[in-house]
Structure formats: structure tokens, C-alpha cells
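Chemist: What would the 3D arrangement of this be:
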Amino acid sequence: MEPTSSQTNPTEIDWDKLDKTKFYVVGAGIFSGLTVALYPISVVKTRLQIVTKDSVERNAFSVVRGLLKAEGVPGLYRGFGTVITGAVPARIIFLTALETTKVAAFKMVEPFKLSEATQAAIANGVAGMTASLFAQAVFVPIDVVSQRLMVQGYAGHTSYNGGVDVARKILKSDGIRGFYRGFGLSVMTYSPSSAVWWASYGSSQRVIWRLLGHGTENEDPSPSESTLILVQGAGGIIAGATASCITTPLDTIKTRLQVMGHEKRPTTRQVVRRLIADDGWQGFYRGLGPRFFSMSAWGTSMILAYEFLKRSCTKE
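Modeler: Sure, this is the predicted structure:
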């Protein structure tokens, strides 16, 4: 049991209360729909992170305008087929690891008698980091292939005939290891990002519910649906803002490493030097706007969908 997890968070639903089959099937559909809606933001962010000081497209609006002019709406979905194929198994792995680890983490921190917000931050943070570590094994190869498709033909990058062609060329030049280029940086980027996101979300939920009177003697045992959505949405925005500001520099370096071809592969040090030479230290925050919007929009949409999914899949 998580005796403190539900005291000031009336939306908390434990893993053992969920219908797992329904959770996975319905969840796959919901998160696939979110991916369709938010994918263009990832394309724009990736493009911005690989621009040079001589590039014409140096902001999100010019990137979108260029893609629409050259390819129409399909240009905003470059690499989408590859991503959606890998996103479902990666998401299932992530959610399973997240929920099971969160239960164990709450039990571990309970004896320390910390505040509920602190307990939630630690347990959710540990769960978010662990889930991300497991999911990266599936997602990094998908990320490598999809990002090459996103930037193909742009600023001198190679053009491909779909995801299979990218995979074939990566295997030919680098072998299996090529699919895990930037894996270390991905783990360093996404695992802390996931930890920060879930820690921020978990702790902000407790704080907000406490401010609204839940967990006190005067609490309302059943908050309205609109209150649930507002509180969860606020938590998602806070979490997205915190995580994007902390992890954007590593994400920029990772993206550059993953999209470079075999013949001009840079080292991490060379990527860092090039970024500083082009734009100074602010170069590490290229794509911060789209990344911030992406993490906030994705995080808020995801958590609202996720909480709705958990409520829908609760066992009778």
C-alpha cells in the first residue's frame, strides 16, 4: 500500500487496481493519437538543433514555412512511420516500469517520515528515471532512424527512401552499434528529464491538492472532473517547464550526434566546440522554444490522457 500517496492526491490509482489488458490496449490507442498530434513539434525542434550559423531557417516559424512550401503537410511528418512503430512497445515498457517502480519506491521512502510532497518527488523521480532507462533500449534506435528522416536533404544531410533505407545504410556503415549512436547521451538526457518531470509532477500534485484542502479534516472526498483536469494539467505544465530548461543542452548535443553520417561523424567534444563557435553558450539551447512547448504540450496532454486511462481501466 501507499498510505500517503492518496491522502492529498485523490486521483492516485495503484498499479494493482488496474485491468492490465484494457490498460495496454486502450493506452496504445490514446498515445498513438497524441503522437500524431504532437509529432510536427519534434520535427521542428530537431531541425533547429542542427542548423549552422549560415542557415536561412533559424527559428521555428521559418522551419515550418520551409517544410510546408517544399513538401506540404507531409513534410511535418518525416519519419513518423518509424516512430509510431516503435512508440507503442516503448510506451508499454515505460508505463509498466513506471507504475511498478513507483509502488516499490513509495515503500522505500515511507520509513524516513518525509513530507508527502517530498516522498512523492522521490518516488516519482526514481520511477521516471527507471522507466526511461528501460524504454531507451527500444526507443534510441527508433530515434536515430526517425531523426535522419527528419533532416534528410537539409543543410547537406543525406536523403533516404524511407526508414528501411536508413536502417540498411546504418547497418552497412556502423553495424548494430550505429543504431545506438548517442545512447549514452540519450540516457543522460531522457532519464534525468523523466526523473525531473515525474518528480515535479508528483510533488506539485500534492502541493496543489493540499492548497485546495484535500488531505485535511475539511477535505471534499470527491473533487469534480473539471477540478481533476485543471490540477493535473497544471502539474503537467510545471513538470514540462522544469524538465525542458534543465535538459535541453544535452538533447541538442545528442541530436547532432545522431543525425551525422558515417563519413563526417563528430565526437561529443567537437559538437560542443562547434556549438560554442557558432552561437556561444546559448547554442546549447537551440530549439528550447519548441522543446519547451513540446514537453509542456506533450506532458500535459499525456498526463491528462494517462490519468483518464487509469480511471477508465480501474477494476470493478
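
Chemist: and the nearest residue to Y201 once chain neighbours are set aside, which of the three is it?
Modeler: Of all residues not flanking Y201 in the chain, A239 sits nearest, at 4.1 Å (C-beta to C-beta, 6 or more residues apart in numbering). Bear in mind the C-beta positions are built from the backbone N, C-alpha and C, glycine included. Of the three states, A239 takes helix under DSSP: H, G, I helix; E, B strand; the rest coil.

Chemist: Now do A239 against F292, distance only.
Modeler: The spacing between A239 and F292, counted by C-beta to C-beta, to the nearest Å, is 12 Å.

Chemist: can you check A241 too?
Modeler: Counting by C-beta to C-beta - A241 and F292 are separated by 7 Å.

Chemist: again, but for T118
Modeler: On the measure of C-beta to C-beta, T118 and F292 end up 26 Å apart.

Chemist: which of these two has more neighbours?
Modeler: Between T118 and F292, F292 has the larger neighbour count (other C-beta atoms under 10 Å), namely 18 against 15.

Chemist: check contacts around the more buried one.
Modeler: With contact set as C-beta atoms under 8 Å, 6 or more residues apart in numbering, F292 has these partners: G240, A241, S244, C245, T248.

Chemist: buried sites along the strand or helix carrying it?
Modeler: Assigned by DSSP states H and E, F292 belongs to helix 288-312. By 16 or more other C-beta atoms under 10 Å, the buried positions in helix 288-312 come out as 288-310.

Chemist: Then stretch 23-34?
Modeler: F23, Y24, V26, G27, I30, F31, L34.

Chemist: again, but for stretch 160-170
Modeler: Of the residues in stretch 160-170, those buried (16+ other C-beta under 10 Å) are Y160, G163, D165, V166, A167, K169, I170.

Chemist: Kindly state the pLDDT recorded for the closest residue to the first one other than its chain neighbours?
Modeler: Nearest non-adjacent residue to Y160, counting by C-beta to C-beta, 6+ apart: V166, 4.8 Å away. Confidence per residue is given as pLDDT, and for V166 that number is 91.

Chemist: Could you do V56 as well?
Modeler: As predicted, V56 sits at a pLDDT of 61.

Chemist: now Y160
Modeler: Looking at Y160, the pLDDT reads 88.

Chemist: so who does it touch?
Modeler: R148, L149, Q152, V166, K169.

Chemist: re earlier: now the buried residues of stretch 160-170 as TSV including distance to A234 and secondary structure?
Modeler: Below are the buried residues of stretch 160-170 laid out as TSV (distance: C-beta to C-beta, whole Å; DSSP: H, G, I helix; E, B strand; the rest coil):
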residue	distance to A234	secondary structure
Y160	41	coil
G163	37	helix
D165	44	helix
V166	39	helix
A167	41	helix
K169	45	helix
I170	41	helix
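
Chemist: Export those as a markdown table, with columns for distance to V231.
Modeler: A markdown table is the format used below for those (distance: C-beta to C-beta, whole Å):
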| residue | distance to V231 |
| --- | --- |
| Y160 | 44 |
| G163 | 39 |
| D165 | 46 |
| V166 | 42 |
| A167 | 43 |
| K169 | 48 |
| I170 | 44 |
